[in-house]
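Novice: Take a look and give me a structure for this.
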Amino acid sequence: MAGISRLGKRVLAAVAAALTVTIGAATPSAAAPVKGPLPVPWDLRAGIVPGLVGAEQAPPGANDWHCKPSARHPRPVVLVNPTVTTQALAFQAGSPFLKNQGFCVFTFNFGNVTQIPGFPIQALGDIRQSGRKLAATVDRVLAATGASQVDLVGQSQGAGILPDYYLKFLGGAKKVHTKVGISPSRGTTLSDMVWMRTLIPVIGPFGEQTIRFLTPGLTQQEYDDKLIRQVYGNGDTVPGPQYYAIVTKYDEVVTPYDTQFYDAPNATNWLVQDGCALDHSEHASILYSQRAWWYVLNALDPATASPVPCFYVAPFLPYVR
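Specialist: The predicted structure is shown next:
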C-alpha cells in the first residue's frame, strides 16, 4: 500500500468500515471475556454471515418478548445499529454481552430502501422515518416488559442523529433514561470525502443528488445537512436522558472525531484512548471491541461501574495507521 495517497487510504478505510466487509480483523484481548451463558465473539467477522443470510433474525440474547427487567436492571435496552448494517450484523457481541449481565435486550431493523425484507444492507432510508420506527419499537418494548423507560445503545447513525432526532422531536425524552452512543454520527465530513460533491464539476453534484434520492440516510449525516442543523442547531441534548459518547480518535467515518463529543451538562464523553494507547479501534472495529462494551456497561449501570482495563484492540484496516 506504499504507493497509495493519504486521501486514498482514508477513502478505502471509510468505504470498508462503512460496508463492514469480510476482511475484518479480530480483536485480541488480554482480559478474559465477562462470563455468562452466551458466548461473546469479540471479533467483527462474527457478524458477517448472520448479516448476509439472516438480517431479520435477532442476534443471540435479543428479543425475548417474555423477558422482565430485574430490580438491578429495571430498564430494557434497545440496540440501534449503524448505517448500511442490520441488527444481525451489528450486535453479535453486544447483545449476548448485555444479556449475560442480566439486561433485557431488544433489536430491530430500519431504513430498508429495497422491497426485500431480509436485504443485508439497511439503515439507509430517511432518518425521520427511521426515527418513527425507533419510536414504535420503544413503545412495543415498554408494553411487553412493563417498564416505564428504556435505555438506548447504538453505534454511528444509531448512536447519534437517529436516536437524537427521536429524543428531540418524537417524544423520546420521556421514555429514555440513558442513551449510550458508540462513535455517534452527529455530522461528518467522511474523511473529507464530502468535498467531492463540489470539487468534481457536474459529476460531484449529480452524484450527491443521486445518493440523496436513493439512500437519504447517508447524505442526512453530512456535517452541513439541514437535518443535522435541525437536530443540533439549538443544543446537543434535551433535558431528562443521560447521554454518553464512546469515541475513538482513529475514526475514519465520523470525522473530525471530536465532533462526536456532546456539549451539555447531562452528557459524558469517553475517548477510548485516554489512558490506553493500545486501543487502535476505529469506526468499524469499535463495535466489536470488548473495551467499548465495558464502557457501555458502566454507562448503563454506573452504581457498579469499574475501571475499563487497557489491552490491545486491533484496527479494522491496520495499514491506515
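Novice: so where's the stretch 1-150 of the chain shaky on pLDDT?
Specialist: Counting by pLDDT under 70, the stretch 1-150 of the chain shows low-confidence ranges at 1-35.
Novice: in the helix or strand encompassing Gly51, what's buried?
Specialist: Element membership for Gly51 (DSSP states H and E) is helix 48-53. Residues of helix 48-53 classed as buried by neighbour count (16 or more other Cβ atoms under 10 Å): Ile48, Pro50, Gly51. C-betas here are computed from N, CA, C, even on glycine.
Novice: Name the strands paired with the very next helix or strand once past that helix and say parallel or antiparallel.
Specialist: Next helix or strand after helix 48-53 toward the C-terminus (DSSP H and E): strand 77-80. Using DSSP bridges, the strands paired with strand 77-80 are strand 105-106 (parallel), strand 150-155 (parallel).
Novice: what about the closest residue to Ile121 other than its chain neighbours, distance to Thr255?
Specialist: Spatial nearest neighbour of Ile121, excluding adjacent residues (Cβ to Cβ, 6 or more residues apart in numbering): Val84 at 5.2 Å. Distance, Val84 to Thr255, by Cβ to Cβ, to the nearest Å: 17 Å.
Novice: rewinding a little: now the strands paired with strand 77-80 in a markdown table, with distance to Asp279 and mean neighbour count?
Specialist: Shown next, in a markdown table, are those (distance: least, Cβ to Cβ, whole Å; neighbours: other Cβ atoms under 10 Å):
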| stretch | distance to Asp279 | mean neighbour count |
| --- | --- | --- |
| strand 105-106 | 25 | 26 |
| strand 150-155 | 16 | 27 |
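Novice: And these: which comes nearest Pro69?
Specialist: Proximity to Pro69 (Cβ to Cβ) singles out strand 150-155 among the strands paired with strand 77-80, at 9.5 Å.
Novice: What residues sit buried inside the helix or strand just after that closest one?
Specialist: Toward the C-terminus, strand 150-155 is succeeded by helix 161-169 as the next helix or strand (DSSP H and E). For helix 161-169, burial by neighbour count (16+ other Cβ under 10 Å) applies to Ile161, Leu162, Pro163, Asp164, Tyr165, Tyr166, Leu167, Lys168.
Novice: do you know how far the closest residue to Gln290 other than its chain neighbours is from Gln209?
Specialist: Leaving aside its sequence neighbours, Gln290 sits nearest to Trp42 (Cβ to Cβ, 6+ apart; 4.7 Å). Relative to Gln209, Trp42 is positioned 40 Å away (Cβ to Cβ).
Novice: give me the low-pLDDT residue ranges for the stretch 151-300 of the chain?
Specialist: Short version for the stretch 151-300 of the chain, where the test is pLDDT under 70: 194-207.
Novice: and if we set it to 50?
Specialist: Within the stretch 151-300 of the chain, no range satisfies pLDDT under 50.
Novice: Start from the N-terminal end of the chain and give the strands.
Specialist: Assigned by DSSP state E, the strands in the chain fall at 77-80, 105-106, 150-155, 176-182, 242-247, 267-271.
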